[in-house]
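Novice: Sequence plus the predicted model coming up.
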Amino acid sequence: MKRPTMLLNAALLTISALAGGTVPATATPAPAQAADAALQTDPVVRDDLRALFDQAGVRGTFALMDVRTGRTTVVDRARAERRLIPASTFKIPHALVALESGAVKDENEVIPYGGRPQRFPEWEKDMNLGDAIRASNVPVFQTITRRIGLKREQQWLNRLGYGNREVGAVVDTFWLEGPLEISAVEQTRFLSRLARQKLPASKKNQQLVRDMLKIEEKDGYALYAKTGWAFDVKPSIGWWVGWVERDHRLYTFALNIDVNADSDTSKRVPLARDLLKRLNVLPAS
């Protein structure tokens, strides 16, 4: 008797997605998510690559998913599977939720930052969604999340299957201070769905978010990525996540490190690039 119930739940999810509605917390995962789960196998552990972290003077992990084969490669498996606060990497799904929910009418709407002094001067500016992602503008996204509200944030975390799906009680800090957490491996799974436009959201809005994340295209590859820095927790956590499209292949990746000094944040991108080169995802030169 379980199969009819599962089919009914899946049908309800599909109808809700097409209508742009909300999905209950108990909804069956989207078909694309279930398919990705079927691809998961034990990861290839490359702890020889810890030497790159040692050379950079940081502790951390790296996860890489070859989407065509479903194979995941990790450095420090235990940490790669440990959930941590996503910080500004959550701007990736958050931008999608903003568009899907109507909290932001389109990619051109200018969203106010609130007018208060900020940790970084570049955040003291009203911005559209794409500019806010590129500047990693926290107060702009806090304006957006207050428009979305806790109830819809929770519904979308469930719908997207993002991390531990916990929104807590404070609407504008749950991805900065917790309780929302996600692992490096989970980041690669989520990004593989966005990169292929397989999330339960409109193709148009998924494409808009993809375009906002493109930072580089040359030498036969395209790189999409977003940084994150959870500086309100100890130890602080630095992220760089994204994907590479090269030779008709798709690779998603996620790096996180402990940030013991602000200067450690500058090590995220070059360290991840070195790892992508060692794993033959980016060209060596």
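Specialist: Ah, there it is. Residues are numbered from 1 along each chain as shown.

Novice: quick one: average pLDDT of stretch 52-67?
Specialist: Taken as a whole, stretch 52-67 has a mean pLDDT of 98.

Novice: Show me where the stretch 151-285 of the chain has its strands.
Specialist: Here the stretch 151-285 of the chain has its strands, by DSSP state E, counting those that start in this stretch, at 214-218, 221-230, 236-246, 249-259.

Novice: for the stretch 1-150 of the chain, same thing?
Specialist: Under DSSP E, counting those that start in this stretch, the stretch 1-150 of the chain gives strands at 44-45, 60-66, 71-75.

Novice: thinking residue 153 is in contact with residue 166, fair?
Specialist: No: if you go by CB atoms under 8 Å, residue 153 and residue 166 don't touch, sitting 10.4 Å apart. For glycine as for every other residue, the C-beta is placed from the backbone atoms N, C-alpha and C.

Novice: what about these two, which has more around it?
Specialist: Between residue 153 and residue 166, counted using other CB atoms under 10 Å, residue 153 has the larger neighbour count: 21 against 14.

Novice: which ones are touching that one?
Specialist: For residue 153, the contacting residues are 97, 145, 167, 171, 174, by CB atoms under 8 Å, 6 or more residues apart in numbering.

Novice: now do residue 165
Specialist: Residue 165 sits next to 154, 157, 158, 180 when contact means CB under 8 Å, 6+ apart.

Novice: Find the nearest non-adjacent residue to the first one, please.
Specialist: Spelled out, that is residue 154. Residue nearest to residue 154 in three dimensions, not counting chain neighbours: residue 167, with 4.7 Å by CB to CB, 6 or more residues apart in numbering.

Novice: quick one: pLDDT of the one you found?
Specialist: With respect to pLDDT, residue 167 scores 98.

Novice: number of nearby residues for it?
Specialist: Around residue 167 there are 21 other residues, counting by other CB under 10 Å.

Novice: Can you give me the distance of it to residue 209?
Specialist: Here the criterion is CB to CB, to the nearest Å. By it, residue 167 lies 20 Å from residue 209.

Novice: Many thanks, we can stop here.
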